[in-house]
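**Q** Have a look; sequence and predicted model below, questions after that.
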Amino acid sequence: MTPRTDSLEIERRIAARPETVFSFFVDPERYRKWQGIEAELDPRPGGIFHITVTGRSRTVVLGEFVEIDPPRRLVFTWGWKQFDGMPEGMLVGPRSTTVEVTLTEEGEGTLLRLRHTGLPTDAALQFHSVGWNTTMDRLVVVSEGGDPGPYPFQEI
C-alpha cells in the first residue's frame with residue numbers, strides 16, 4: 001500500500017522568460033488574466049493576497065506571501081476563506097497550506113514547478129490538483145501572449 005501524500009507537484013514548460021512568468025504571480029492585472037476575477041496582491045514577505053471569484057457561488061482565497069525571490073521563486077500560504085457549496089473534505093482554511101513555485105530558465109523559456117503541501121485529505125488533494133492543472137495551463141497561454149478565454153471556475 002502506498003502511503004498517503006499531502007502534496008501535489010506540477011510542471012509546465014513555458015515559452016517565455018522567467019521574468020514574464022513571475023510577473024503573472026505578483027502583478028494584480030496580470031494575475032487576473034489566468035487565476036481569478038478579483039485579485040488584491042501585496043507581493044512582499046508577510047503581504048497578503050486575496051482572490052475573489054464570483055459566479056454561481058462566491059469563492060474567496062486568502063493567503064500570505066512567505067518568500068519572494070524574483071524571478072526564481074515564490075512561496076505563499078493558501079486556503080479558502082469562503083467557498084459556497086464546497087463538498088466536505090475539500091476545504092482547506094485560509095493560510096493553512098503552502099504553495100512553492102520555482103522558475104528555472106531553460107534556453108529562451110522557463111520550467112515552472114509548483115508544489116502545494118499540507119493538503120489534509122485525498123479529496124482536497126484531488127480538488128486542488130484539478131484546479132492547479134487547469135490554472136497552470138491558463139498561465140502557460142497568457143505567459144506566451146495568448147488569451148486563455150473565460151475563467152472556467154466561474155461556473156462553480
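**A** Received, thanks.
**Q** pLDDT weak spots in this protein?
**A** Within the chain, the ranges that satisfy pLDDT under 70 run 1-4, 36, 54-57, 82-91, 153-156.
**Q** top helix in it by residue count?
**A** Taking DSSP state H as the criterion, the chain has its longest helix at helix 122-143.
**Q** pretty sure Ser23 is in a strand, no?
**A** No - counting by DSSP: H, G, I helix; E, B strand; the rest coil, one finds Ser23 to be helix, located in no strand.
**Q** In contact with it, which residues?
**A** Contact analysis of Ser23 by CB atoms under 8 Å, 6 or more residues apart in numbering lists Arg30, Pro71. To be clear about C-beta, it is placed using only N, CA and C from the backbone, and glycine gets the same treatment.
**Q** Arg113 now?
**A** Glu9, Ile10, Glu11, Val101, Thr102, Thr104.
**Q** let's go with 10 Å and repeat that
**A** Glu9, Ile10, Glu11, Arg12, Arg73, Glu100, Val101, Thr102, Leu103, Thr104 (CB atoms under 10 Å, 6 or more residues apart in numbering).
**Q** got it, and Pro45?
**A** Glu64, Phe65, Val66, Glu67, Ile68, Val75, Phe76.
**Q** returning to that earlier point: using PDB, write down the CA coordinates of the longest helix of the chain.
**A** Taking Å, rounded to 0.1, in the frame of the first residue of the first chain, the C-alpha atoms of helix 122-143 are listed here in PDB:
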ATOM      1  CA  ASP A 122      -7.400  12.800  -0.600                       C
ATOM      2  CA  ALA A 123     -10.400  14.800  -1.700                       C
ATOM      3  CA  ALA A 124      -8.600  18.100  -1.100                       C
ATOM      4  CA  LEU A 125      -5.500  16.800  -2.900                       C
ATOM      5  CA  GLN A 126      -7.700  15.800  -6.000                       C
ATOM      6  CA  PHE A 127      -9.700  19.000  -5.900                       C
ATOM      7  CA  HIS A 128      -6.500  21.200  -5.800                       C
ATOM      8  CA  SER A 129      -4.800  19.000  -8.500                       C
ATOM      9  CA  VAL A 130      -7.600  19.700 -10.900                       C
ATOM     10  CA  GLY A 131      -7.600  23.400 -10.000                       C
ATOM     11  CA  TRP A 132      -3.900  23.900 -10.300                       C
ATOM     12  CA  ASN A 133      -3.600  21.900 -13.500                       C
ATOM     13  CA  THR A 134      -6.300  24.000 -15.100                       C
ATOM     14  CA  THR A 135      -4.900  27.300 -14.000                       C
ATOM     15  CA  MET A 136      -1.300  26.300 -14.900                       C
ATOM     16  CA  ASP A 137      -2.500  25.600 -18.400                       C
ATOM     17  CA  ARG A 138      -4.000  29.100 -18.400                       C
ATOM     18  CA  LEU A 139      -0.800  30.600 -17.100                       C
ATOM     19  CA  VAL A 140       1.100  29.000 -20.000                       C
ATOM     20  CA  VAL A 141      -1.200  30.600 -22.500                       C
ATOM     21  CA  VAL A 142      -1.100  34.100 -21.100                       C
ATOM     22  CA  SER A 143       2.700  34.000 -20.500                       C
END
